[in-house]
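Q: quick one, what's the 3D model for this:
(one chain, ligands or ions: 1)
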Amino acid sequence: MSGVGVVVAEGRVVEIGELPSLRTRWQHAEVLDLTGCILMPGLINAHQHGRGLSQIQIGHHDLPLETWVAQRRARGILDAYPLAKLTALNMLANGVTTAVQANFAFGSGDYEQEFRDQCRGYDEAGIRVTMCLGAMDRGGSVYPPHEACFMAGLPLETRAMLANASTGAYAGNGQATVALMGRLLGEFENHPRIRLCYGPAGPQWVTDELFGTLAKDAADKGLGMHMHALESPIQRKAMGELYPEGVFKRLESLGAMNERTVVAHCVWANEEDADVLARTGATVVRNPGCNLRLSNGIAPIARYMAQGVRVAIGTDNHTLSDDEDLLSELRLASYLARDPEWKGSPAPQVDDLLAMATVNGAVAAQFPGEIGEIRKGMRADLVAFSLDTTREPYLDNDMPLLEAFLARARGGDTRLTMVEGRILFRDGKFTSASFNAIVDEAAEAARKARRPKDSANIKMAADLRTRIHDHYRHYASQSQ
Ligand SMILES: [Zn+2]
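A: Here you go, the predicted structure:
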């Protein structure tokens, strides 16, 4: 559509129509000329962690997931606030208007403060965010049911370091997590841009009891649940041991599977798992770059879609190009879904891909029907991308513009990012936030966290990583 305008007032889309008639009726409105651009609903990054600086930038190698996570133990505590704010600004500059902040603990020992610091960072940046209140109560060393055996083989001091690794990372048990949710809701319930949900880390890290407690409170309060599951081949194997009937069937019996449930990564869902996802209305978030980089493989989203599963897209702050370019990740997801078998599930089409980054993302972000579309009454989260990259110097008339856009556009083509009716980024500049100042603050936070408080932890962490690697190599080679 061209020659069309969108009227925004008080944070909402109030009218869409032909330009001449809008101009007559809204004579005093400020007019933004977006000639040469495509105007879209703001993109939704449905899974990321507010990392700000990439893991490569802070010195963490790409490794298989289980050993990659263990690298953090050799470092000090990062400061959540500048990192969340920097992530938000980077996302805004790439056309993202809403982000889901998945569970993440910095390990300071004060999770509530970390969570509030992240909220402040996102709020100051002006982005819309869904904050997942994390929880875990097992699997702090290796996945169950092999934790006790693994811990018994560790030196005493390493065991002491890990003793608190599960429950200590977040608010504590189910009761403590529910109490913290109550406090946070008291503060954020009426915030126009911040929404809360539960973020149980993932089935291998959460007992049935904790899942059940969070699921009940989520149902009572109408909250969503966002978890990691079936991310790595090792997790697939662990799920077979822990949940012989199927992990999502068990979660369903605990009340944790419904249309507000979001499963990030989900690389290894078999047909039965995907059937439960489809039947219960849960959403899968595809993280293609991260899954490739951490040796987790390729999620078969063409099959998931054919089975009726809703699929969204996220960067996990760990994309193919180590940036926050969600459009490029969407492209990667699209290409990786192309089955070499002629009889395989059909690859996602233009509409499917756009839905992943908009309407499906809105469901994953717990804002269904409020964002993800440009419609009268919706929240005014809009983004304009320049079409220069897409169609210069020539684009054949036979090529549909959206197909070309998805094949060629980049996050860097963003010309305008608006959240809740507020312009936050325009023509390469942030309108209120100082990008350079927050970059400096984030870099300083990373510099300070280069070394743990206790230098003995570096040696201990290196030894632990070797042991974790050996444990999983042995585990992977065992038949079940
Ligand atoms: Zn993640």
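Q: stretch 295-303: end-to-end distance?
A: 21 Å (CA to CA, to the nearest Å).
Q: got a list of contacts for it?
A: 63-65, 231-233, 265-269, 271, 274, 284, 286, 288, 290-292, 311, 333, 336-339, 344-348 (CB atoms under 8 Å, 6 or more residues apart in numbering). Heads up, the C-betas are built off the backbone N, CA and C, glycines and all.
Q: show me these that map onto helices.
A: 65, 233, 271, 274, 288, 290-292, 333, 336 (DSSP state H).
Q: any quick PyMOL command for the buried ones out of these?
A: Listed next is the PyMOL selection for buried residues among the ones in helices among the contacts of stretch 295-303, using 16 or more other CB atoms under 10 Å:
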select buried, resi 65+233+274+288+290+291+292+333+336
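Q: can you list the ones in helices among the contacts of stretch 295-303 in JSON lines and add pLDDT and distance to the ion?
A: Formatted as JSON lines, the ones in helices among the contacts of stretch 295-303 follow (pLDDT from 0 to 100; distance: CB to the ion, whole Å):
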{"residue": "Leu65", "pLDDT": "85", "distance to the ion": "10"}
{"residue": "Pro233", "pLDDT": "96", "distance to the ion": "17"}
{"residue": "Glu271", "pLDDT": "98", "distance to the ion": "24"}
{"residue": "Ala274", "pLDDT": "98", "distance to the ion": "20"}
{"residue": "Pro288", "pLDDT": "98", "distance to the ion": "13"}
{"residue": "Cys290", "pLDDT": "96", "distance to the ion": "7"}
{"residue": "Asn291", "pLDDT": "96", "distance to the ion": "10"}
{"residue": "Leu292", "pLDDT": "97", "distance to the ion": "14"}
{"residue": "Ala333", "pLDDT": "98", "distance to the ion": "15"}
{"residue": "Leu336", "pLDDT": "98", "distance to the ion": "18"}
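Q: reformat the ones in helices among the contacts of stretch 295-303 as JSON lines; add distance to Thr390.
A: Formatted as JSON lines, the ones in helices among the contacts of stretch 295-303 follow (distance: CB to CB, whole Å):
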{"residue": "Leu65", "distance to Thr390": "35"}
{"residue": "Pro233", "distance to Thr390": "37"}
{"residue": "Glu271", "distance to Thr390": "37"}
{"residue": "Ala274", "distance to Thr390": "34"}
{"residue": "Pro288", "distance to Thr390": "21"}
{"residue": "Cys290", "distance to Thr390": "26"}
{"residue": "Asn291", "distance to Thr390": "27"}
{"residue": "Leu292", "distance to Thr390": "25"}
{"residue": "Ala333", "distance to Thr390": "19"}
{"residue": "Leu336", "distance to Thr390": "22"}
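Q: strands along the stretch 1-150 of the chain, start to end?
A: Secondary structure of the stretch 1-150 of the chain (DSSP state E, counting those that start in this stretch): strands at 4-9, 12-18, 37-41, 43-48, 96-101, 128-135.
Q: partner strands of the third one, with direction?
A: For strand 37-41, the paired strands and their directions (DSSP bridges) are strand 382-386 (antiparallel).
Q: again with the longest one
A: For strand 128-135, the paired strands and their directions (DSSP bridges) are strand 96-101 (parallel), strand 194-200 (parallel).
Q: the last one near the ion anywhere?
A: So that's strand 194-200. No - with CB under 5 Å from the ion as the criterion, the ion is not reached by strand 194-200; the gap is at least 9.9 Å.
Q: helix or strand right after that strand?
A: helix 208-221 (DSSP states H and E).
Q: contacts for the helix or strand following that next one, please.
A: As assigned by DSSP H and E, the chain's next helix or strand after helix 208-221 is strand 225-229. Residues from elsewhere that reach strand 225-229 (CB under 8 Å, 6+ apart): 47, 100, 102-103, 130, 132, 197-203, 206, 214-215, 218, 235, 239, 247-248, 256, 260-266, 364.
Q: export strand 225-229 as CSV, just CAs?
A: Once non-C-alpha atoms are left out, strand 225-229 reads as follows in CSV (Å, rounded to 0.1, in the frame of the first residue of the first chain):
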residue,chain,number,x,y,z
MET,A,225,5.5,-18.6,31.4
HIS,A,226,8.6,-18.5,29.3
MET,A,227,11.2,-21.2,29.5
HIS,A,228,14.1,-22.8,27.7
ALA,A,229,13.6,-26.4,26.6
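Q: next, the angle strand 96-101 makes with it.
A: Between the axes of strand 225-229 and strand 96-101, defined by axes from the mean of the first three to the mean of the last three CA atoms, to 10 degrees, the angle is 70 degrees.
Q: got the angle for strand 225-229 vs helix 208-221?
A: Interaxial angle, strand 225-229 versus helix 208-221 (the same axes, to 10 degrees): 150 degrees.
Q: pLDDT on strand 225-229, on average?
A: Strand 225-229 carries an average pLDDT of 98.
Q: wait, which of the strands paired with strand 128-135 is closest to Val14?
A: Closest to Val14 of the strands paired with strand 128-135 is strand 96-101 (CB to CB; 18.0 Å).
Q: the closest one and the ion, are they touching?
A: No - if you take CB under 5 Å from the ion as the test, strand 96-101 misses the ion, and the best it gets is 9.8 Å.
Q: centre of the chain versus that strand, how much separation?
A: Remark: strand 96-101 is offset 8 Å from the chain centroid, using CA atoms, centre = their mean, to the nearest Å.
Q: quick check: buried residues in it?
A: Neighbour counts over strand 96-101 (16+ other CB under 10 Å) mark 96-101 as buried.
Q: need the max-distance pair from those residues.
A: For the buried residues of strand 96-101, the maximum inter-member distance is 14.3 Å, found between Thr97 and Gln101 (CB to CB).
Q: where does this protein come near the ion, residue by residue?
A: 102, 316.
Q: quick one: average confidence on stretch 123-137?
A: Mean predicted confidence for stretch 123-137 is 97.
Q: okay, how far is it across that stretch, tip to tip?
A: 29 Å.
Q: check the offset of the helix or strand harbouring Ala302 from the chain's centre.
A: Secondary structure from DSSP H and E places Ala302 in helix 301-306. For helix 301-306, the distance from its own C-alpha centre to the chain's C-alpha centre is 20 Å (CA atoms, centre = their mean).
Q: that helix: which residues count as buried?
A: 301-305.
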